[in-house]
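Novice: Provide a 3D model corresponding to the input given below.
(2 chains)
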Number of protein chains: 2
Amino acid sequence: MSLIVQKYGGSSLADAAKIKNVARRIAKTRKAGNKVVVVVSAMGDTTDDLIKLAFQVNKDPEERELDVLLSTGELVASTLLAMALHGMGQHSISLSGAQAGIRTDDAYSMARITDIDPSRILKELNKGNIVIVAGFQGINKDSDTTTLGRGGSDTTAVALAAALKAERCERYTDVDGIYSTDPRLLPKARKLRDISYDEMLEMVSYGSKAVQPRAVELAEVYNIPFLVASSFNSNPGTLIHKEVSMEIVNKVRSIAYDLDVAKITILGVPDKPGVAAKIFVPLAKAGVSVDTIVQNASVKNITDLTFTVAKSDLEAAMKVVQPIAKAVGARQCIGDPQWGKVSIVGSGMQNTPGYAARMFDTLSKAGVNIQLITTSEIRITCIIERVKVKEAVTVLHQAFELDKKN
Amino acid sequence: MSLIVQKYGGSSLADAAKIKNVARRIAKTRKAGNKVVVVVSAMGDTTDDLIKLAFQVNKDPEERELDVLLSTGELVASTLLAMALHGMGQHSISLSGAQAGIRTDDAYSMARITDIDPSRILKELNKGNIVIVAGFQGINKDSDTTTLGRGGSDTTAVALAAALKAERCERYTDVDGIYSTDPRLLPKARKLRDISYDEMLEMVSYGSKAVQPRAVELAEVYNIPFLVASSFNSNPGTLIHKEVSMEIVNKVRSIAYDLDVAKITILGVPDKPGVAAKIFVPLAKAGVSVDTIVQNASVKNITDLTFTVAKSDLEAAMKVVQPIAKAVGARQCIGDPQWGKVSIVGSGMQNTPGYAARMFDTLSKAGVNIQLITTSEIRITCIIERVKVKEAVTVLHQAFELDKKN
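Specialist: Numbers count the residues shown, from 1 in each chain, chains lettered A, B, ... in the order given. Predicted coordinates:
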């Protein structure tokens, strides 16, 4: 008898009919002879509604209280799902994060799981129950409720799968898998049968919003196969796991993109030790996440420094950078919000030359000018004009034969 | 420094503005130099909305799950109130029933408090916190959430007041006190300054819906003064306590009434041992609460038996009683839904004759026919036609000088 952990997202549980639909899916997994632990998010917009309510009461709500407040959303969903399963004759019980043994540190609103005591879950599984766990929450050493922040319920699911030594973790939402690129941008994007943890993480870092990186990282550490599929149909979804099929002829798996890129260029920076730190330490302190950094070769000890930030962070970044640029004697500091990013991602690239060349050549032929380039072992990224991103994704998707079935 | 337990009802917490209003009241009590523990109900219609949701998912939801579901309503209210207090610069913390140490038996949906471990509350009070406790809930020995049923939050408040040896328990809702009779029926009804536990319990049993009897009974057992007042104004409210003012000239304190009375009469019952049990045991099993029972003196070993039930229970009661009446050889069984009840209540009555006479005389002069009479030491009740109830309350209120200030 295998143990499977399933996680259902808020959109899959948005109303009574959808909850019953999810219950039917769970019952099917149970009837197929598996032990099942289910992790739920809050129904639909519940979390947003609760946050709104909190801000009506206090413009700066204390995080401890906010965590207890938000945790109720998952409690509600967990009990309703257990009730729906009872209605189908399935033995089931809901457990809060605390009851499920999920212990965290004290970082309210962004707590990290420190350890899991799975004894209550195991007891309920042994009684024949399907166990429904309220996601996104745990308790700290004072027995106070904490929440896990963005992607919290996915993290709960993977962490439970690890603690319970589950066969795999299945995540069901309104996203039915990982695509060769965003199907909203390029309708002929194909769903991938499987993908490696590292490829997935690169895709997330470079624009894909299909999963939260935190859960994927955790799945990688504990080597938990992580299925991403839809709760609204029976399509196979995408399995994120350690080893993708040994021979994938086409080694580029996916084209990631990002439309939210701003570029800051500091011209005429004296090339002295410590200048970079003077710029990037204050940016980090101001909460601005800096992405690509490029520094040109120095001519007469004067260099140009370019880096990118999220477009939404441009204003804040410029406020920090402009006085510093002046202070270090730079000639000019220019912020430009009109940029985008396109990346090719694939584990196979690291052992095979020629990918970068083919990427640049393809973009060039399509008239897409490359502004900046960054690479990792399994990814090549070009910063290009935002208006060219769609064209770039389209031509790269074709050039790397992602239109074909892998 | 006194310790005061305050309880705020759902209508007092129905939206952000009302929650802030309640926070201001609590802050005032705190600033007056008191330690404050607050018990909250769920906001407005939250509990009803959650029940609706449960029934959409399962027409017969399991009580364990329903209890967890409903308990979230009070958690939400407790955190929002703590946030509102923070916004006013008050140190405050919310606690769940479990964190507040409220332990119950296993009777989901109608659990009884078995004991209270007040250590966490005391710790938070000593830190200078106003402690906000989610009412209506506790945990059983398996650490599963239970709810306390009707009047649960009032019960939480009184039980905490007892466990913490609080000076008193104050209940704030949209009801601003206990009246000499229902002001909706008789606008000149007066609010009572104070009333004894027993008087209050008689009033509740005989029609008043101002409080739940459970909390009053508990307050009586632990001798906790229990203030009933409004959260929407600063009027003094009514104190329910052990000893009302020693000399209250007018010994009738209140006129209770009930419009929801049905009468069942079984004519020609053989007067044999065991007949009453044959009728009333099955009624109790069917969940029908029988109120007044009157049996006429037996003539030739044949008697008539009359009793009252809630009008809404009449149909169910008749279904139980009719076959039994036939089986025991009664002549006829008649159900009649057109009745009401009027009662005079006052501790002073027990030592002073003449109240019954004055009541019957007053009703007679007003042309109100008395169908049945029952009494306790501090109450006299007449069953009368429903259409006469308002008239009866009015003339009795005047006859016992309740129009005047006591």
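Novice: how close does the closest residue to A:Gln332 other than its chain neighbours get to A:Ala330?
Specialist: Nearest non-adjacent residue to A:Gln332, counting by CB to CB, 6 or more residues apart in numbering or on different chains: A:Leu267, 4.4 Å away. Glycine gets a C-beta too; all of them are placed from N, C-alpha and C. Using CB to CB, to the nearest Å, A:Leu267 is found at 6 Å from A:Ala330.
Novice: So between the two, which is more surrounded?
Specialist: A:Ala330 (23 against 16; other CB atoms under 10 Å in any protein chain shown).
Novice: what secondary structure does the more buried one sit in?
Specialist: What DSSP: H, G, I helix; E, B strand; the rest coil gives for A:Ala330 is coil.
Novice: my read: it touches A:Lys272, true?
Specialist: No - assessed by CB atoms under 8 Å, A:Ala330 is found out of contact with A:Lys272, at 11.5 Å.
Novice: Name all residues that make contact with A:Ala356.
Specialist: A:Thr375, A:Ile380 (CB atoms under 8 Å, 6 or more residues apart in numbering or on different chains).
Novice: where does chain A have low pLDDT?
Specialist: Within chain A, the segments meeting pLDDT under 70 span A:244-250, A:351, A:405-406.
Novice: and the longest helix for it?
Specialist: When chain A is parsed with DSSP state H, its longest helix is helix A:63-87.
Novice: Mind listing what's buried along that helix?
Specialist: Neighbour counts over helix A:63-87 (16 or more other CB atoms under 10 Å in any protein chain shown) mark A:64-87 as buried.
Novice: Is there proximity between that helix and chain B?
Specialist: Yes - using CB under 8 Å from any CB of the partner chain, helix A:63-87 reaches chain B at A:64-66, A:68-69, A:71-72, A:75-76, A:78-80, A:82-84, A:86-87.
Novice: Which residue ranges of the stretch 251-400 of chain A form helices?
Specialist: A:275-285, A:314-327, A:355-365, A:389-399 (DSSP state H, counting those that start in this stretch).
Novice: Can you tell me which of those is nearest to A:Thr238?
Specialist: When those are compared by CB to CB, helix A:389-399 sits nearest A:Thr238, at 16.8 Å.
Novice: helices or strands up against the closest one?
Specialist: strand A:254-270, strand A:332-345, helix A:355-365 (3 or more CB pairs under 8 Å, 6 or more residues apart in numbering or on different chains; DSSP states H and E).
Novice: Mind listing the strands the second one pairs with, and their directions?
Specialist: Okay, so that is strand A:332-345. strand A:254-270 (antiparallel), strand A:379-385 (antiparallel) (DSSP bridges).
Novice: Just the C-alphas of it, formatted as CSV.
Specialist: Taking Å, rounded to 0.1, in the frame of the first residue of the first chain, the C-alpha atoms of strand A:332-345 are listed here in CSV:
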residue,chain,number,x,y,z
GLN,A,332,25.5,59.5,-15.0
CYS,A,333,22.9,57.1,-13.7
ILE,A,334,20.1,56.0,-16.0
GLY,A,335,17.0,54.0,-15.1
ASP,A,336,15.1,52.4,-18.0
PRO,A,337,11.9,50.3,-17.4
GLN,A,338,11.4,49.0,-20.9
TRP,A,339,13.0,45.6,-20.7
GLY,A,340,12.3,41.9,-20.7
LYS,A,341,14.1,38.7,-20.3
VAL,A,342,14.1,35.5,-22.3
SER,A,343,15.8,32.3,-21.1
ILE,A,344,16.4,28.8,-22.5
VAL,A,345,16.5,26.1,-19.7
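Novice: Just want the angle from that strand to helix A:314-327.
Specialist: Using axes from the mean of the first three to the mean of the last three CA atoms, to 10 degrees, the inter-axis angle of strand A:332-345 relative to helix A:314-327 is 130 degrees.
Novice: Distance check, the closest residue to chain B within the stretch 101-250 of chain A against A:Gly97.
Specialist: Across the stretch 101-250 of chain A, no residue is closer to chain B than A:Ser143, which sits at 6.5 Å (CB to the nearest CB). Distance, A:Ser143 to A:Gly97, using CB to CB: 12 Å.
Novice: the more surrounded of those two?
Specialist: In this view A:Ser143 and A:Gly97 are compared by other CB under 10 Å, and A:Gly97 has more residues nearby, 30 against 13.
Novice: In a helix, the more buried one, correct?
Specialist: No - counting by three-state DSSP, A:Gly97 is located in no helix; its state is coil.
Novice: doesn't A:Ala157 make contact with it?
Specialist: No - using CB under 8 Å, A:Gly97 is not in contact with A:Ala157; the gap is 11.9 Å.
Novice: shared neighbours, these two?
Specialist: Contacts common to A:Gly97 and A:Ala157, judged by CB under 8 Å, 6+ apart, are A:Gly135.
Novice: Please identify which helix or strand holds A:Ile93.
Specialist: A:Ile93 belongs to strand A:92-95 when assigned by DSSP states H and E.
Novice: ok, residues contacting the helix or strand just after that strand?
Specialist: Counting by DSSP H and E, the next helix or strand C-terminal to strand A:92-95 is strand A:102-104. The contact list for strand A:102-104 (CB under 8 Å, 6+ apart) reads A:111-117, A:133, A:137-141, A:146, A:148, A:156, A:159-160.
Novice: Indicate the residue of the stretch 251-400 of chain A located nearest to chain B.
Specialist: For the stretch 251-400 of chain A, CB to the nearest CB, closest residue to chain B: A:Gly287, 23.4 Å.
Novice: what's around that residue, how many residues?
Specialist: There are 10 residues near A:Gly287, going by other CB under 10 Å.
Novice: what do you get for A:Leu3?
Specialist: By other CB under 10 Å, the residues close to A:Leu3 number 18.
Novice: what's near enough to touch it?
Specialist: A:Asn34, A:Lys35, A:Val36, A:Val37, A:Leu125, A:Leu164, A:Lys165, A:Ala166, A:Glu167.
Novice: ok, the fourth one touching A:Ala159?
Specialist: In other words, A:Val37. No - in this structure A:Val37 lies outside contact range of A:Ala159 using CB under 8 Å: 11.3 Å.
Novice: These two: who's more crowded?
Specialist: Set A:Val37 next to A:Ala159 and count neighbours by other CB under 10 Å: A:Val37 wins out with 29 against 26.
Novice: Checking the more buried one next. Helix, strand or coil?
Specialist: Once three-state DSSP is applied, A:Val37 turns out strand.
Novice: which residues pair with it across the strands?
Specialist: For A:Val37, the beta-bridge partners are A:Val5, A:Val131 (DSSP bridges).
Novice: Report the contact partners of it.
Specialist: Residues near A:Val37 by CB under 8 Å, 6+ apart: A:Leu3, A:Ile4, A:Val5, A:Gln6, A:Ile121, A:Leu125, A:Ile130, A:Val131, A:Val133, A:Leu160, A:Leu164, A:Ala166.
Novice: what about 10 Å?
Specialist: A:3-7, A:95, A:100, A:118, A:121-122, A:124-125, A:129-133, A:157, A:160-161, A:163-164, A:166, A:169 (CB atoms under 10 Å, 6 or more residues apart in numbering or on different chains).
Novice: Kindly provide the distance from it to B:Thr352.
Specialist: Using CB to CB, A:Val37 is found at 69 Å from B:Thr352.
Novice: wait, doesn't A:Ile373 sit right on A:Ile344?
Specialist: No - assessed by CB atoms under 10 Å, A:Ile373 is found out of contact with A:Ile344, at 11.7 Å.
Novice: out of those two, which sits in the busier spot?
Specialist: Comparing A:Ile373 with A:Ile344 by other CB under 10 Å, the one with more neighbours is A:Ile344, at 30 against 14.
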